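Q: Turn this into a structure:
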Amino acid sequence: MVSGAPRPPVHGIDVERVEAAIKAAELGTSGELRVAISRFYFWGDVRRAAEATFARLHMDRTRHRNGVLVFVAPRLRRFAIVGDAGIHRQVTATFWNDLADDLAHDFRAGELTAGLERALARIGERLAQHFPPDPGVGNELPNQVVV
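A: Residues are numbered from 1 along each chain as shown. Purely as a prediction, here's the structure:
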């Protein structure tokens with residue numbers, strides 16, 4: 001692929017738009033967001049795959065333990081959201097359940113990219129309430145979508 005050329009969608013997800021949404025969501029918080037997209041069709045448990053990916057990406061190594069991973073299995077139109085310990089001390093299960101319901105609705109409607117953009121914006125807003133920007137830390141994890 002030519003450098004600077006637009007990247008093709010991955011199973012209907014516009015990766016560049018999702019990366020822009022991650023960057024925008026992180027502007028007001030020290031929280032770290034990542035999105036991982038499963039390239040293959042698997043029969044396994046999406047939640048277990050998300051937790052393994054969270055560990056593999058070292059998302060539990062942020063200073064404030066405030067990383068959030070949205071793991072997507074687009075062919076199954078399923079996803080899992082995994083947050084680190086620092087976030088779970090601050091954010092209620094109701095928030096995560098409401099977010100998951102809205103994202104599931106978007107996925108059923110075929111709005112994978114737009115749904116992810118909305119979910120990332122909401123996560124960023126919530127993280128900003130509990131984890132304001134920390135100039136001493138900076139961006140601890142890459143904003144690139146993992147495929």
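Q: if I look at Ile22, how far off is Ala49?
A: The spacing between Ile22 and Ala49, counted by CB to CB, to the nearest Å, is 20 Å. The C-beta positions use only the backbone N, C-alpha and C, and glycine is treated the same way.
Q: Next one: Leu99 from Glu117, what distance?
A: Counting by CB to CB, the gap between Leu99 and Glu117 amounts to 13 Å.
Q: Okay, buried residues for the lowest-mean-pLDDT helix or strand in the chain please.
A: The helix or strand of the chain with the lowest confidence, counting by mean pLDDT, DSSP states H and E, is helix 85-88 at a mean of 92. Neighbour-count burial for helix 85-88, with 16 or more other CB atoms under 10 Å as criterion, is recorded at 86-87.
Q: So between Ile22 and Ala49, which is more surrounded?
A: Shown here are Ile22 and Ala49; by other CB atoms under 10 Å, Ile22 has more neighbours (25 against 17).
Q: starting at the chain centroid, how far to stretch 97-115?
A: Shown here is stretch 97-115, whose average C-alpha point lies 13 Å from the average C-alpha point of the whole chain (CA atoms, centre = their mean, to the nearest Å).
Q: Name the residues that touch that stretch?
A: Surrounding stretch 97-115, the residues in contact under the criterion CB atoms under 8 Å, 6 or more residues apart in numbering are 9, 11-14, 17-18, 70, 72, 74, 77-79, 81, 116, 118-119, 122-123.
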